[in-house]
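# build me a model:
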Amino acid sequence: MNPNLESDYLGLRLAHPVVASAGPWTRDREGFRRLADAGVSAIVMHSLFEEEIVQAGRLTDHYLEYGADSFGESLSYLPELEDYGTGPERYLRLLADAKSAVSIPVIGSLNGTTAGGWRRFARRIEEAGADALELNLYHVPTDPSTSGAELEERYLDAVRTVADSVSIPLAVKLSPFLTAPAHMAGRLAEAGAAGLVLFNRFYQPDIDLDALSVVPKLVLSRSEELRLPLRWTAILSGRVGADLAISSGVHAADDVLKGVLAGASVTMITSELLRSGPGCIAPMLDGVRHWMSEREYESVAQMRGSLSHRHNESPEAFERANYLATLHSWRPEPDLGHLP
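This is a model prediction of the structure:
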């Protein structure tokens, strides 16, 4: 038996539910090629950050104004933005280059929290050939005067702005630290999100005790981190008008299978690609096929969401009752040192 692994995400027909998420592998054309050759079904580009867009605008203003008052003929030397290699322009060129290098869908990514210049750049990402766009809402609210409601409205405004600016489908990558994730998921779908990516993985800084400074520290994810997005995928599956993607803790075939059973359209992989390289994709897909064949699943569509909150005979497994059950399930390891 050869199960059908095809999966629909954001209106795109994908060969299977394993997608390369945003990361260093998409920094150049060769990275895109290697991922496509390894067998991923789609690629999410690394993010274009709001700060890069703002900085590019300042650089443009500077170069346009520089020397303009010196000589009238200087107006004929107005620079092209691309001549200065600013982030947004490099990003758009890479996107167009990637689309010519691979045949699988390429999804652009914008990272920030406000509408800002996203309307214009969302359009340009579409024009460069992106098949869809992922809006990465990465923000750590440190201002005590900013309420959760204010922050959520800022997110929704950004999503509406981008969704109204493009005709390609829009996915939104969510933070796990929302007051009411299910409610917010529904509002984001109403605002124009065709997909929700669970969740944004916040990279926590560390403190260097020798230098007495705050330093960045990248820690790759582990399969154990799948549990949080898995739970919320199961809760949201079939209850919001958007496709669901899992983006934390996907490292092996078992993680892909769990995500689909919970209701995910796709599972996204980054850390395992960094740890093991693109060669990890083929054995992962082989494991998915083997498991499905053994249990006589004919397709991914057949199994998707079969263990979600909506279809589970014991939905309390994803609710508060599971908290008590988990606490009571722990047992100490036997002290083998005292055995006779």
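
# what helices and strands are in contact with the helix or strand that residue 157 is a member of?
Assessed by DSSP states H and E, residue 157 sits inside helix 148-165. Judged by 3 or more CB pairs under 8 Å, 6 or more residues apart in numbering; DSSP states H and E, the packing partners of helix 148-165 are helix 118-127, strand 132-136, strand 170-174, helix 181-191. Yep, even glycine has a C-beta here, placed from its N, CA and C like the rest.

# and of these, who's closest to residue 223?
Residue 223 lies closest to strand 170-174 among these, at 20.0 Å (CB to CB).

# run a quick neighbour tally on the nearest residue in space to residue 221 that is not next to it in sequence.
Leaving aside its sequence neighbours, residue 221 sits nearest to residue 271 (CB to CB, 6 or more residues apart in numbering; 4.3 Å). By other CB atoms under 10 Å, 21 other residues sit near residue 271.

# re earlier: contact partners of the helix holding residue 157?
110, 112-115, 118-120, 122-123, 133, 135, 137, 139, 141, 170, 172, 178-179, 184, 187-188, 191-193 (CB atoms under 8 Å, 6 or more residues apart in numbering).

# averaged pLDDT, that helix. What do you get?
Mean pLDDT, helix 148-165: 91.

# got the angle between it and strand 132-136?
Interaxial angle, helix 148-165 versus strand 132-136 (axes from the mean of the first three to the mean of the last three CA atoms, to 10 degrees): 160 degrees.

# going along the chain, name the strands of the chain.
7-9, 12-14, 18-20, 43-44, 48-49, 106-111, 132-136, 170-174, 195-198, 206-208, 213-215, 243-246, 266-269 (DSSP state E).

# hmm, who's touching the first one?
Counting contacts by CB under 8 Å, 6+ apart, the residues outside strand 7-9 that touch it are 14, 16-17, 19, 41-42, 195, 243, 245, 260, 265-266, 300-301, 304.

# what strands flank it, and is each parallel or antiparallel?
strand 12-14 (antiparallel) (DSSP bridges).

# now do the buried residues in the strand it pairs with.
12, 14 (16 or more other CB atoms under 10 Å).

# surely residue 240 touches residue 196?
Yes: between residue 240 and residue 196 a contact is recorded at 7.0 Å, counting by CB atoms under 8 Å.

# overlap in contacts, these two.
Counting by CB under 8 Å, 6+ apart, the residues touching both residue 240 and residue 196 are 185, 189.

# okay, the two: which has more neighbours?
Neighbour count, other CB under 10 Å: between residue 240 and residue 196, residue 196 has more, with 25 against 20.

# okay, that one and residue 16: tell me how far apart.
20 Å (CB to CB, to the nearest Å).

# kindly report the same for residue 267.
From residue 267 over to residue 16 (counting by CB to CB), the distance is 10 Å.

# quick one: residue 120 and residue 95, what's the gap?
The value you get for residue 120 to residue 95, if CB to CB is used, is 15 Å.

# surely residue 171 touches residue 198?
No: if you go by CB under 8 Å, residue 171 and residue 198 don't touch, sitting 10.7 Å apart.

# low pLDDT regions in the stretch 151-300 of the chain?
202-203 (pLDDT under 70).

# apply 80 and report the result again.
Scanning the stretch 151-300 of the chain for pLDDT under 80 picks out 201-205, 216-219.

# which positions in stretch 1-10 come out as buried?
So stretch 1-10, judged by 16+ other CB under 10 Å, has buried residues 3, 5, 7, 9-10.

# follow-up on the earlier one: right, and the helices and strands packed on helix 148-165 - which one's nearest residue 216?
Judging the helices and strands packed on helix 148-165 by CB to CB, what sits closest to residue 216 is strand 132-136, at 17.5 Å.
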